[in-house]
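> Next comes the sequence, and after it the predicted model I'd like to discuss.
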Amino acid sequence: MYTQSIDLPQDPGDLPRDPRPGARAASTAADARREADFEASIAADRKIEPQDWMPADYRKTLVRQISQHAHSEVVGMLPEGNWVTRAPSLKRKAILLAKVQDEGGHGLYLYSAAETLGTSRAEMVDALHAGKAKYSSIFNYPTRTWADVGAIGWLVDGAAIMNQIPLCRCSYGPYARAMIRVCKEESFHQRQGYDIMLTLARGTAEQKAMAQESLDRWWWPVVMMFGPPDSDSVHSGRTMAWGIKRVSNDALRQKFIDATVPQAELLGLTIPDPMLAWNAERGHYDHGPIDWDEFWRVVNGEGPCNRERLADRVAAHEKGAWVREAAMAHARKRAGAQSRAAA
Ligand SMILES: [Fe+2]
Ligand SMILES: [Fe+2]
């Protein structure tokens, strides 16, 4: 679904150590040459591939960003998964199931992309389960009504698209290629959410009120999803110079607000920001102040659902142990049969 986490600090000691030669400081002449080649590739907008030399910090930044993104996709299944059994019709249930399944797939592409950097999926998952790795703060908010499924698709997946389209041009090849497919699926997610909101907004007075109440709760957390303001963004400068991040947090946030206001107007719903106003001079919407204290509280574990989400993830992983064991046993059996047939 989403990465906001690209700008979130994570204790560097929590990240798995990279055993590859590129992880060591470029102290030799050969390393200096490789570093110059790397910089030339970045300057020429060529993709960096797993077998290419890369600076240790570039690798570490990518592992942090891609793994946080993967965690966000997987944890992002939880708030909506909560509504699969309560979807109001067979059609809505089938659509929601497909959407939640897509998010699981996004997590898998992204763990695979991160593994090409020399970090195992088990290490990344362990860091998540130990509470050391971050994921998008948005998934620590509860889904109280069916309208929340609509609001998540419309707003959260809508914000994800804004954030992820520039990542299709990311300098790291496997991440950029994963993003192309992810973005196509996010577009379907956004449409299904907007369709739910449109149905509710054109329904009974109670249904419209439910849609409005959901927008009231989700608007500000979604605006925060783009991460801290550019002035406080700890990793932005470097990730932009490396071609990992292409557009700043504030620019993406503005783009999202500008695109979403007319969509809310079409729904006949009111965005809960009394200071929201078109600024003809800037050619953008002005908006009210963002409660960054709330953002940091949620990022640092004090959101409404942080503990519940993590506990659910850990429980799902533990309950799935037998599936992993069975798959490994099957793979061993097949490998044994193949080597016997070849002998
Ligand atoms: Fe999505
Ligand atoms: Fe996704």
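Happy to help now that I have it. Ligands and ions are numbered 1, 2, ... in the order given.
> Pick out the residue in the stretch 101-250 of the chain sitting closest to ligand 2.
His106 (3.8 Å; C-beta to the ion). For every residue, glycine as well, the C-beta is placed using N, CA and C.
> what number of residues lie near that residue?
Neighbourhood size, His106 [other C-beta atoms under 10 Å]: 28.
> Likewise for the one 3 residues further on?
Tyr109 sits with 20 neighbouring residues when counted by other C-beta under 10 Å.
> so what's it up against?
Ala178, Arg181, Val182 (C-beta atoms under 8 Å, 6 or more residues apart in numbering).
> State the helix or strand in which the last one lies.
Which is Val182. Assigned by DSSP states H and E, Val182 belongs to helix 173-201.
> picking up where we left off before, tell me the mean pLDDT over whichever strand or helix holds the residue of the stretch 101-250 of the chain closest to ligand 2?
Following DSSP H and E, the helix or strand that holds His106 is helix 90-115. Averaged over helix 90-115, pLDDT sits at 96.
> what residues does the lowest-mean-pLDDT helix or strand in the chain touch?
Sorting the helices and strands of the chain by mean pLDDT, DSSP states H and E puts helix 236-241 at the bottom, at a mean of 82. Helix 236-241 has contacts (C-beta under 8 Å, 6+ apart) with Ile6, Asp7, Ile42, Asp57, Thr61, Gln65, Asp230, Lys245, Arg246, Ser248, Asn249.
> where does the first one land on pLDDT?
Spelled out, that is Ile6. Taking Ile6 on its own, its pLDDT is 46.
> Which parts of the chain are strands?
Shown for the chain, the strands assigned by DSSP state E span residues 277-279, 284-286.
> So which of these is the most surrounded?
strand 284-286 (a mean of 15; mean count of other C-beta atoms under 10 Å).
> who are the neighbours of that strand, in terms of helices and strands?
Counting contacts by 3 or more C-beta pairs under 8 Å, 6 or more residues apart in numbering; DSSP states H and E, strand 284-286 packs against helix 249-267, strand 277-279.
> Looking at those, which is nearest to ligand 1?
helix 249-267 (14.7 Å).
> From the chain's centroid, how far away is that closest one?
19 Å (C-alpha atoms, centre = their mean, to the nearest Å).
> same question, stretch 173-187
Centre-to-centre, stretch 173-187 and its host chain are 11 Å apart (C-alpha atoms, centre = their mean).
> what does it rub up against?
1, 47-50, 62, 65-66, 102, 105-106, 109-110, 112-113, 116, 157, 160-161, 164-165, 167-170, 244.
> quick revisit: let's have the strands of the chain in JSON lines, adding distance to ligand 1.
Putting those into JSON lines (distance: least, C-beta to the ion, whole Å) gives the following:
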{"stretch": "strand 277-279", "distance to ligand 1": "29"}
{"stretch": "strand 284-286", "distance to ligand 1": "24"}
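> that older thread, need the winner for burial among the helices and strands packed on strand 284-286.
Ranked by mean neighbours (mean count of other C-beta under 10 Å), the helices and strands packed on strand 284-286 are led by helix 249-267, with a mean of 17.
> In contact with Ala200: list those residues for me.
Quick fix: residue 200 is Leu, not Ala. Contact analysis of Leu200 by C-beta under 8 Å, 6+ apart lists Trp146, Ala147, Gly150, Gln207, Lys208, Met210, Ala211.
> What is the nearest of those residues to Arg253?
Gly150 (21.5 Å; C-beta to C-beta).
> circling back: which ones, among the contacts of Tyr109, also lie beside ligand 2?
Among the contacts of Tyr109, not one lies near ligand 2 by C-beta under 5 Å from the ion.
> quick check, nearest of these to ligand 1?
Val182 (8.0 Å).
> That closest one: how many residues sit nearby?
25.
> Of all the helices and strands packed on strand 284-286, which one is nearest Ala133?
Per C-beta to C-beta, nearest to Ala133 of those: helix 249-267, 20.0 Å.
> quick one: that closest one to helix 173-201, angle?
Helix 249-267 and helix 173-201 meet at an angle of 30 degrees, taking axes from the mean of the first three to the mean of the last three C-alpha atoms, to 10 degrees as the criterion.
> returning to that earlier point: which positions in the helix holding His106 come out as buried?
92, 95-96, 99-100, 102-103, 106-107, 109-111, 113-115 (16 or more other C-beta atoms under 10 Å).
> For this protein, give me the ranges with low pLDDT.
Within the chain, the stretches with pLDDT under 70 are 1-27, 234-235.
> mind listing the helices in it by residue range?
Listed in chain order, the helices of the chain (DSSP state H) span 29-43, 56-75, 77-81, 90-115, 121-129, 146-151, 157-164, 173-201, 205-224, 236-241, 249-267, 292-297, 306-319, 321-342.
> Can you name the residue of the stretch 201-343 of the chain nearest to ligand 1?
Met225 (12.4 Å).
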